[in-house]
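Peer 1: here is my input; please provide its structure:
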Amino acid sequence: MSGERLGLAALAVALAAVPALAPTAYVVTLLNVIGLYAIVTLGLILLGCSGQVSLGQAAFYGLGAYTSALLSRDLGWPPAATIPLALGLVAGTAYVVGVPTLRLAEHFFVLATLGVGIIVNVLMVQLVPLTGGASGLRDIPGLALPGVRITTDRQFYYLIWTLVFVTLILARNITSHRTGRALRAILGSEVGAAALGVEVSRYKMHVFVLSAVYAALAGALYAHYIRFISPSPFSLYASLFFLIMAVVGGLTNIWGGLLGAAAVTILDQIIRAEVPRVFPRVGGEYQTAIYGILLVLIMIFFPSGIVRGALDLRRLLVRSAARPAPVPAGAQDPPTLGDPPPVAPRAKPADGGGGM
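Peer 2: So this is what the prediction gives:
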């Protein structure tokens with residue numbers, strides 16, 4: 001068994017034991033949220049493997065949540081049917097959005113996805129008869145699979161993390177084979193990849209749509225888990241939140257998606273609890289400022305993410321420790337017992353010296 005598969009198996013065993021060992025129900029709930037965010041972040045990292053950065057991921061996250069919630073609540077369809085329909089709708093929406101935006105250069109693409117995210121969030125607020133406006137949607141049906149009704153946090157925990165592993169393995173397989181090689185070529189140079197025969201526009205569209213489907217899956221699970229949704233969790237702030245998770249884990253590091261989601265979610269909980277105690281008069285904007293500073297620092301000092309940056313730093317330290325110390329010029333080891341006596345160098349005859 002390879003080291004990666006062994007690590008995946010060990011992680012699965014550890015996560016399976018968490019509900020039995022968790023000291024409080026809050027820990028299980030927090031891990032459920034981390035799992036949902038990990039799915040969204042994995043989609044962003046897949047997108048990053050092709051050199052794209054999106055600030056509209058929260059829009060697809062919200063579309064998946066609202067679509068599944070409306071179909072199950074207002075039409076009475078079972079969530080087992082509404083979630084696949086939500087994924088299909090979001091995939092189609094992402095394709096329509098991707099046709100014009102994927103032709104744009106890097107920073108213009110980021111601005112375009114930012115605009116899409118803002119438009120979708122505004123529609124969530126303004127379409128009151130459909131979405132409930134700022135008040136949101138209540139009484140969303142719980143999740144029920146064939147023969148199983150999922151109601152408790154522990155049941156959702158096993159479902160969410162099973163899907164996390166499924167999406168992780170799918171993303172890993174994509175990046176490890178032919179598609180992954182094509183994405184890395186596009187990441188290096190789109191012109192060079194096209195010259196090698198890579199269909200750049202097709203690969204970029206596929207990974208963009210798949211990234212949106214990842215977000216929609218997490219959003220649909222979120223709607224049936226919380227059973228109440230409103231526009232605020234799907235705002236620009238959420239897109240920035242997801243992007244920071246991807247940057248922390250590494251925009252091209254699939255495994256970093258789990259670490260980034262866990263680290264930033266736990267940090268968010270600490271900030272929410274501790275900053276008001278230290279600065280009672282500070283408003284809610286401090287969170288956005290802190291995350292902005294965090295994003296800038298990571299991009300400066302760890303551009304490849306915390307995981308890869310830590311590994312590179314470790315290699316550098318090991319290499320520095322193994323390198324022998326330089327010997328000062330003229331320094332010699334002291335003679336030891338049994339060493340032959342030093343031989344004095346012979347003097348060279350002067351140029352033009354006489355001889356017979």
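Peer 1: alpha carbons of stretch 169-181, as PDB, please.
Peer 2: Once non-C-alpha atoms are left out, stretch 169-181 reads as follows in PDB (Å, rounded to 0.1, in the frame of the first residue of the first chain):
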ATOM      1  CA  ILE A 169     -10.500  10.700  -4.200                       C
ATOM      2  CA  LEU A 170     -12.200  11.900  -7.400                       C
ATOM      3  CA  ALA A 171     -10.200  15.100  -7.400                       C
ATOM      4  CA  ARG A 172      -7.000  13.200  -6.700                       C
ATOM      5  CA  ASN A 173      -7.700  10.800  -9.600                       C
ATOM      6  CA  ILE A 174      -8.400  13.700 -11.900                       C
ATOM      7  CA  THR A 175      -5.100  15.500 -11.000                       C
ATOM      8  CA  SER A 176      -3.000  12.300 -11.100                       C
ATOM      9  CA  HIS A 177      -3.800  11.200 -14.700                       C
ATOM     10  CA  ARG A 178      -4.000  12.600 -18.200                       C
ATOM     11  CA  THR A 179      -6.400  15.400 -17.200                       C
ATOM     12  CA  GLY A 180      -4.100  16.400 -14.400                       C
ATOM     13  CA  ARG A 181      -1.100  16.600 -16.800                       C
END
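Peer 1: does Trp161 touch Gly35 like I think?
Peer 2: Yes: using CB atoms under 8 Å, Trp161 is in contact with Gly35, at 5.1 Å. Every C-beta, even on glycine, is put in place using the N, C-alpha and C of the backbone.
Peer 1: which residues of the stretch 201-350 of the chain fall in helices?
Peer 2: Applying DSSP state H, counting those that start in this stretch to the stretch 201-350 of the chain gives helices spanning 236-249, 256-278, 285-301, 306-322.
Peer 1: the longest one packs against which elements?
Peer 2: In terms of contacts (3 or more CB pairs under 8 Å, 6 or more residues apart in numbering; DSSP states H and E), helix 256-278 is packed against helix 25-48, helix 153-176, helix 236-249, helix 285-301, helix 306-322.
Peer 1: how about TSV for those, with mean pLDDT and distance to Ala194 added?
Peer 2: Converted to TSV, these look like this (pLDDT from 0 to 100; distance: least, CB to CB, whole Å):
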stretch	mean pLDDT	distance to Ala194
helix 25-48	92	19
helix 153-176	91	20
helix 236-249	88	26
helix 285-301	74	28
helix 306-322	72	27
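Peer 1: what residue is smack in the middle of this protein?
Peer 2: Ala246 (2.9 Å; CA atoms, centre = their mean).
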